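Trainee: A structural model of the following input is requested.
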Amino acid sequence: MILFTAATLKELKHFCSSMSGFDFQGSTGHCTWRKHTRMLLLTCGVGPLNAALGLQSFLAAHPQTDMVINTGIAGSYDLDLLPIGSVCVASAEIWPEYGIRTGPGPADPELLGFPLSGQDTSPVWNRIELDPRQMSNYGDVFNETLPAGWTAAASLTVAGVSGTLEVARELAGTFNAGMENMEGFALAYVCRNKKIPFSEVRTISNLAGSRNSRDWNFRDAFSSLARLPAQMFKNG
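Mentor: Numbering: from 1, shown residues only. Down below sits the predicted model:
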């Protein structure tokens with residue numbers, strides 16, 4: 001079974017608005033695309049801790065899950081690359097807060113000396129590479145190529161979102177990232193440890209770091225989120 005997870009129920013409701021059989025109890029549910037593709041749903045909660053705990057618990061209760069797709073809204077570090085309302089598929093997930101801080105910038109995990117996992121082989125420090133075309137491996141369900149207009153970019157997961165443009169620019173420049181979110185790395189890390197394929201597809205709601213209302217548009221982001229199923233599923 002394929003699991004779609006988002007931080008909030010509002011995000012999942014918009015994503016599933018064109019589907020049938022939407023049924024939700026507590027933090028889990030299911031829906032159906034075009035009467036033949038049934039999907040599991042999870043609101044994992046906001047932030048990396050909630051996301052990791054929520055997904056870990058869900059997978060323990062639903063061992064039949066064979067792919068996880070994280071969706072929802074996110075901030076863009078560059079509105080020329082990722083305008084508001086556009087779609088970003090993550091090419092990597094990065095956690096810039098793990099490690100030792102020697103200044104105002106991001107932490108250095110290798111300076112700490114303890115990878116998150118894989119001490120001896122293939123250590124995970126603060127980055128997990130993702131295949132933007134991972135969904136195409138499920139060619140009976142998803143389109144085999146990325147939909148036109150989707151942009152692949154690295155994504156940063158933070159517990160504290162960028163509150164100024166200066167902070168956002170430093171993070172984006174240090175990690176060559178296009179998107180900022182609060183759950184993706186945690187979800188990708190759980191899936192990596194359980195050897196479950198993971199993808200992340202989000203729509204852009206704002207310019208990361210900006211407090212100016214002109215740089216935010218939830219309506220466009222949610223409208224774009226509602227169009228995702230028709231773009232990603234076969235016979236959409």
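Trainee: Kindly indicate whether residue 75 is helix, strand or coil.
Mentor: strand (DSSP: H, G, I helix; E, B strand; the rest coil).
Trainee: hang on, isn't it packed against residue 211?
Mentor: No. Assessed by CB atoms under 8 Å, residue 75 is found out of contact with residue 211, at 11.9 Å. Placement of C-beta: from N, CA and C, glycine included.
Trainee: Sheet partners, orientation included, of the helix or strand of the chain with the lowest mean pLDDT?
Mentor: For the chain, using mean pLDDT, DSSP states H and E, the weakest element among its helices and strands is strand 20-25, scoring a mean of 88. Sheet neighbours of strand 20-25, with direction, are listed as strand 28-33 (antiparallel) (DSSP bridges).
Trainee: Name the next helix or strand downstream of the strand it pairs with, please.
Mentor: Scanning forward in sequence from strand 28-33 by DSSP states H and E, the next helix or strand is strand 37-43.
Trainee: For that next one, which helices and strands make contact with it?
Mentor: The criterion is 3 or more CB pairs under 8 Å, 6 or more residues apart in numbering; DSSP states H and E, and the helices and strands that strand 37-43 contacts are strand 2-6, helix 9-15, strand 28-33, helix 48-61.
Trainee: Show the average pLDDT along the third one.
Mentor: Model confidence over strand 28-33, given as mean pLDDT, is 90.
Trainee: and if you look at the longest one?
Mentor: When pLDDT is averaged over helix 48-61, the result is 98.
Trainee: what about the strands in this structure?
Mentor: Secondary structure of the chain (DSSP state E): strands located at 2-6, 20-25, 28-33, 37-43, 67-76, 87-94, 127-129, 150-157, 179-181, 198-207.
Trainee: Dump those strands into JSON lines; add mean neighbour count as well.
Mentor: Below are those laid out as JSON lines (neighbours: other CB atoms under 10 Å):
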{"stretch": "strand 2-6", "mean neighbour count": "25"}
{"stretch": "strand 20-25", "mean neighbour count": "12"}
{"stretch": "strand 28-33", "mean neighbour count": "19"}
{"stretch": "strand 37-43", "mean neighbour count": "20"}
{"stretch": "strand 67-76", "mean neighbour count": "26"}
{"stretch": "strand 87-94", "mean neighbour count": "25"}
{"stretch": "strand 127-129", "mean neighbour count": "17"}
{"stretch": "strand 150-157", "mean neighbour count": "22"}
{"stretch": "strand 179-181", "mean neighbour count": "26"}
{"stretch": "strand 198-207", "mean neighbour count": "26"}
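Trainee: circling back to that earlier point, identify whichever of the helices and strands packed on strand 37-43 lies nearest to residue 222.
Mentor: The closest of these to residue 222 is helix 9-15. By CB to CB, the value is 4.5 Å.
Trainee: give me the beta-bridge partners of residue 207?
Mentor: residue 76.
Trainee: my guess is it contacts residue 79, does it?
Mentor: Yes. With the criterion set as CB under 8 Å, residue 207 and residue 79 qualify as a contacting pair; they are 5.6 Å apart.
Trainee: list the residues that contact both of the two?
Mentor: When contacts are counted by CB atoms under 8 Å, 6 or more residues apart in numbering, residue 207 and residue 79 have residue 215 as shared neighbours.
Trainee: nearest spatial neighbour of residue 209, skipping sequence neighbours?
Mentor: The shortest distance from residue 209 to any non-neighbouring residue, by CB to CB, 6 or more residues apart in numbering, is to residue 168 (2.9 Å).
Trainee: again with residue 172
Mentor: Distances taken as CB to CB, 6+ apart put residue 77 closest to residue 172, at 3.7 Å, once the chain neighbours are dropped.
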